[in-house]
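Q: A predicted structure for the sequence below; I have some questions about it.
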Amino acid sequence: MSTDVGTNPPTVAPAAVSTVAGTGPSRPTPLGSAPRPKVGPGAPPPAEHAETAPWWRVMCLTGVDYFSTLGYQPGIAFLAAGLLSPLATVVLVLLTLFGALPVYRRVAQESPHGQGSIAMLEKMLPRWRGKLFVLALLGFALTDFIITITLSAADASAHVVENPHVPDFLHGQELWITLGLIALLGGVFLKGFSEAIGLAVALVGTYLTLNLIVIVVALVHVAENGHVVGDWGNALTVQHGNIAMMIAVSLTLFPKLALGMSGFETGVAVMGHVRGSEDDDPAAPAERIRNTKKLLTVAAITMSAFLIASSLATTLLIPAKEFAEGGAANGRALAYLAHGYLGDVFGTAYDISTILILWFAGASAMAGMLNLIPRYLPRYGMAPEWAGAVRPLVCVLTATAFAITIIFDADVDAQAGAYATGVLVLITSASVAVALAARRAGQRGWTIGFSVIAAVFVYTTLDNIKERPDGVKIGAIFIAAIVVVSLLSRMTRSLELRTTEIAYDAKAEAFVRDCARRTLRLVAHDPEHADAGAYRAKVRKIVDAHDLANAGDLVFVEVVVPDYSDFESRVEVTGSVRHGEYRVLTVRAATIPNALAALLLDLRERTGVRPHMYFEWTEGSPVAQMARFLLFGAGEVAPLTREVVRRAEPDPRRRPHVHAG
C-alpha cells in the first residue's frame, strides 16, 4: 500500500475483515508457555474437581486452630480479668455471636472461593493505595499465623513439662521443647505435608470429647460444693461493689480475651473444601455458601459454650496463685482440672490430646501461610516460582518462629497480646469490608449494623494494642519485610514481559493480517492526543525521521493502563479507524513498555515477519523516567521496550525492530 496515510484512508482487505469479523474475537495467545493463573481478588474460581468434604468435616479442619485455644484461653482469661473472667468471657461470646459471626457469614457470601476479607478490601481500594493496604493486612495476617505456631508450641511444651510422668530433666526446658516442636513442624513441611481432614476430625472429636468430660466433672464438683459460687460472688462484691460495676469493668477487660475469637478468617479461607451442590453456579456457589455459613455458625456456638463453661469451672475451682507464672495451671487450666479430678491416667490422655491438636494448629497455620503468600504477592511483582517454592519459604517461616519464640522465651502469656492483635486486626478489616459491601449494595440497615460492629472491633483492637503493643511491633516487622521484598522483586523483574496472554478483536486481527503482507510498521502514540492533527503530525515526524518511502503501512499503537500498580496482566488489543483514515491498535495492559514488547513478539509469531515499531524520545531525567516506569508503568518507553525485547529474545536475528528518533 503506497498511499499517504495523512491524505488517503488506509486500504483494509475486505476479505480479511469479513473472515475475521465472522468469527469474532480471536482466542488469547499465551506467551512462551501456558498462562499463569491469575491471583488475588480477581482470581477465577478454583477447579471444580478440587477435593471437597461435608461442611462439618471441614469445620474440624478450622477447629484445630479455633478449638485448640481451649488449651490456654481459660488461664489467659483469668490472668487478664481475674474473678471477672466468666463475665468478661460472656461479653466476648456475645461479640462473637452477634459481631464476628454475622461479619464472616457475609464474607462467605461476598467471597465464596476462599479469598477472604482481604480480597474484598483490595477490590474496593484501587491501585497502589489498595495494594499497600493489603500488604499491611498481610503483615498482621502473618503475625496471626506465626504466633499461632509459636503460642501453640509453647502451650504444648507447658503440657509436656507439667505432666507428672515426664522425666525431671525436662522441667524448666520449655524454650528448648518449644523450639524442638517448631523445628519438627518445619521438618514435616520440608519433607512434604498435606492437610488431612480425616486427621483433623479425629483430633477435634477426641479433644472436644475430653474437654466436655473435664468440664462436666468440674461443674458437678461445683454443684456438690455450692459454697464456691457464694465465695466467688462475695469476692466479686468486695472488689467491684455491684453487678453494674462488674459489667462495666468486664466491658473494658474483654479485649484482653480476644484470642478466643481466632478461626473465623481460616473458616472462610477453606471454603474451597466445603462440598456444595452439583448444580452450584461456579461463580456463585449457593449451596457451598450455605454450608460454609453452617460451618461458621456451629463452630462459633460450640466454642462459645466451651469458653463460658471452661472459664466458670476454672475460675471457681482453681486457686488464683496457680494461674500465675510458674503455677501448675499457668497455660493449662483445664489440664490442671483433668489431673486433679480425673487422675493422672486421664490427665495424661488429655495432655496428649492437647499437645496433638496444638501441634496440628501450628501445621494448619503454616499451611495457611504457604497458601496466603502465593495468593497475593505475585500480583505485586514477587515471582510465582519464588512464592511457590515451599522449602525455602518453610525455612524462612520456621526461622521467624524461632526468633519470636526466643524473644518471648516461649511464654504463653507474653505472646497472647500479639496473637490477639493479629486476630483482631483481621476481624476489624472484615467488619469494615462487609460494611462497605453493604453500602455499595444499598442495604441501609445492614450498613448501619455492620458499621456498629466495625466500631466495636476498632475499639477492641485499639484497646488491645494500647495494653499490649507487641502484636503491632511484630506486625510492623512483617509489613516492612513484605514491602521491601515486594519492591525489590518488582525492581529486579521490571524488565520481564509481565504478560500472561494476548487477545485481539476482529478488527485488530484484520489490521495485522493486511499489513503483514508487506511490512508491519507500528507507531507508538500517546492516547491522550487523539485529534486528527496529532495523528497527522506524528506520521510526518516518523516518515521524516526514519526516511520512510511512504506512510501507507503505518498502524498506531496506543497503550491504556487501567491499573499501573498491577505487575502482570492479560493484554487486550482492539482495532479502530480514527478520523476515517488512521488505523489504531488500542492495547490495555498493566505497563506500557512491557506490553509493547509483548505485542511485537506476539506479532512476529503470528505473521512470521519481524515487525518495526517507531518511537519518539521522551524528555526528562533518565532517573525520573525509570522511577515513573517502576511505579506507573510508563517512563522512557523506547529504550525500555527495546530492553524487554532483548531480554525476551536472545537471538538478534529474530528480534523485532525498535526505532527511536
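A: Noted; the coordinates are in hand. Residues are numbered from 1 along each chain as shown.
Q: any idea how many residues pack against residue 213?
A: Here the number of neighbours of residue 213 (other CB atoms under 10 Å) works out to 15. (Glycine included, C-beta is placed from N, CA and C.)
Q: wait, I meant residue 230
A: Residues lying near residue 230 (other CB under 10 Å) number 9.
Q: and the host helix or strand of it, what's buried?
A: Using DSSP states H and E, the secondary-structure element containing residue 230 is helix 227-240. For helix 227-240, burial by neighbour count (16 or more other CB atoms under 10 Å) applies to 232, 236, 240.
Q: which single one of these is nearest to residue 360?
A: Proximity of these to residue 360 (CB to CB) peaks at residue 232, which lies at 34.7 Å.
Q: where does the helix holding residue 230 sit relative to the chain's centre, distance-wise?
A: 46 Å (CA atoms, centre = their mean, to the nearest Å).
Q: and what of stretch 162-182?
A: With CA atoms, centre = their mean, you get 35 Å for stretch 162-182.
Q: repeat that for stretch 442-451.
A: 25 Å.
Q: same deal with stretch 152-170?
A: Taking CA atoms, centre = their mean, the mean C-alpha location of stretch 152-170 is offset from the chain mean by 34 Å.
Q: now stretch 68-83
A: With CA atoms, centre = their mean, you get 29 Å for stretch 68-83.
Q: mean confidence for that stretch?
A: Across stretch 68-83, pLDDT averages out at 85.
Q: if we can go back for a sec, quick one: which of the buried residues of helix 227-240 is nearest residue 161?
A: Among the buried residues of helix 227-240, and counting by CB to CB, the member closest to residue 161 is residue 232, at 29.7 Å.
Q: my read is that that closest one contacts residue 316, right?
A: Yes. Contact criterion CB atoms under 8 Å: residue 232 and residue 316 qualify, at 5.7 Å.
Q: so what's the residue count around residue 462?
A: 13.
Q: unless I misread the structure, it falls within a strand.
A: No. Under DSSP: H, G, I helix; E, B strand; the rest coil, residue 462 falls outside any strand and is assigned helix.
Q: who does the strand or helix carrying residue 613 touch, helix- and strand-wise?
A: In the assignment (DSSP H and E), residue 613 maps to strand 612-615. For strand 612-615, the elements it packs on are strand 521-524, helix 532-546, helix 637-648, strand 657-660, judged by 3 or more CB pairs under 8 Å, 6 or more residues apart in numbering; DSSP states H and E.
Q: what about 7 Å?
A: Identification of packing neighbours for strand 612-615 by 3 or more CB pairs under 7 Å, 6 or more residues apart in numbering; DSSP states H and E yields strand 521-524, strand 657-660.
Q: the last one: how far from the chain's middle?
A: Okay, so that is strand 657-660. 41 Å.
Q: can you name every helix or strand that that strand contacts?
A: Packing partners of strand 657-660 (3+ CB pairs under 7 Å, 6+ apart): strand 612-615, helix 637-648.
Q: including mean neighbour count, could these go into TSV?
A: Formatted as TSV, the helices and strands packed on strand 657-660 follow (neighbours: other CB atoms under 10 Å):
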stretch	mean neighbour count
strand 612-615	23
helix 637-648	20
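Q: between the ones you listed, which gets nearest to residue 57?
A: Of the helices and strands packed on strand 657-660, nearest to residue 57 by CB to CB is helix 637-648, at 47.1 Å.
Q: quick one: contacts of that closest one?
A: 495, 497, 524, 592-594, 596-597, 600-601, 615, 617-618, 629, 655-656, 658, 660 (CB atoms under 7 Å, 6 or more residues apart in numbering).
Q: so where's the stretch 1-150 of the chain uncertain?
A: 1-50 (pLDDT under 70).
Q: 90 instead?
A: Within the stretch 1-150 of the chain, the stretches with pLDDT under 90 are 1-53, 57-66, 68-83, 88, 92, 109-150.
Q: all strands for it, in order.
A: Secondary structure of the stretch 1-150 of the chain (DSSP state E, counting those that start in this stretch): strands located at 29-30.
Q: where exactly do the helices run in it?
A: 14-23, 55-66, 73-81, 85-95, 101-110, 116-124, 127-161 (DSSP state H, counting those that start in this stretch).
Q: as TSV, those helices with mean neighbour count would be great.
A: Formatted as TSV, those follow (neighbours: other CB under 10 Å):
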stretch	mean neighbour count
helix 14-23	13
helix 55-66	24
helix 73-81	27
helix 85-95	23
helix 101-110	22
helix 116-124	22
helix 127-161	24
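Q: minimum distance to residue 577: which of these has it?
A: Among the helices of the stretch 1-150 of the chain, the nearest to residue 577 by CB to CB is helix 14-23 (10.9 Å).
Q: sorry, back to before: can you say which of the contacts of helix 637-648 are buried?
A: Among the contacts of helix 637-648, the ones that count as buried by 16+ other CB under 10 Å are 495, 497, 524, 592-594, 596-597, 600-601, 615, 618, 629, 655-656, 658, 660.
Q: what backbone torsions are found at the closest residue to residue 566 other than its chain neighbours?
A: Among residues not flanking residue 566 along the chain, residue 590 sits closest, at 4.0 Å (CB to CB, 6 or more residues apart in numbering). Reported as degrees, to the nearest 10, the phi and psi values for residue 590 are phi -90, psi -20.
Q: any idea how far residue 590 is from residue 602?
A: Going from residue 590 to residue 602 by CB to CB, to the nearest Å gives 16 Å.
Q: residue 566 belongs to a helix?
A: No. According to three-state DSSP, residue 566 belongs to no helix; its state is coil.
Q: what does stretch 83-97 rub up against?
A: For stretch 83-97, contacts defined as CB under 7 Å, 6+ apart pick out 77-78, 81, 232, 235-236, 239, 246-247, 249-251, 253-254, 257, 260-261, 300, 304, 307-308, 311-312, 315, 456.
Q: can you redo the helices and strands packed on strand 612-615 as TSV with mean pLDDT and distance to residue 539?
A: Shown next, in TSV, are the helices and strands packed on strand 612-615 (pLDDT from 0 to 100; distance: least, CB to CB, whole Å):
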stretch	mean pLDDT	distance to residue 539
strand 521-524	88	8
strand 657-660	88	14
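Q: dump those into CSV; add distance to residue 548 as well.
A: Formatted as CSV, these follow (distance: least, CB to CB, whole Å):
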stretch, distance to residue 548
strand 521-524, 8
strand 657-660, 10
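Q: out of the buried residues of helix 227-240, who's nearest residue 439?
A: residue 240 (40.1 Å).
Q: partner strands of the longest strand along the chain, with direction?
A: The single longest strand within the chain, with elements called by DSSP state E, is strand 569-578. Using DSSP bridges, the strands paired with strand 569-578 are strand 499-504 (parallel), strand 582-588 (antiparallel).
Q: those: lowest mean pLDDT?
A: Across these, the lowest-scoring stretch is strand 499-504, with a mean of 85.
Q: what angle separates that one from helix 637-648?
A: Interaxial angle, strand 499-504 versus helix 637-648 (axes from the mean of the first three to the mean of the last three CA atoms, to 10 degrees): 110 degrees.
Q: report all helices and strands that the helix or strand following strand 499-504 contacts.
A: The helix or strand immediately downstream of strand 499-504 is helix 506-515, counting by DSSP H and E. Packed against helix 506-515 by the contact rule (3+ CB pairs under 7 Å, 6+ apart) you find helix 14-23, strand 569-578, strand 582-588, helix 592-607.
Q: what angle do helix 506-515 and strand 582-588 make?
A: Our comparison of helix 506-515 with strand 582-588, counting by the same axes, to 10 degrees, yields an angle of 120 degrees.
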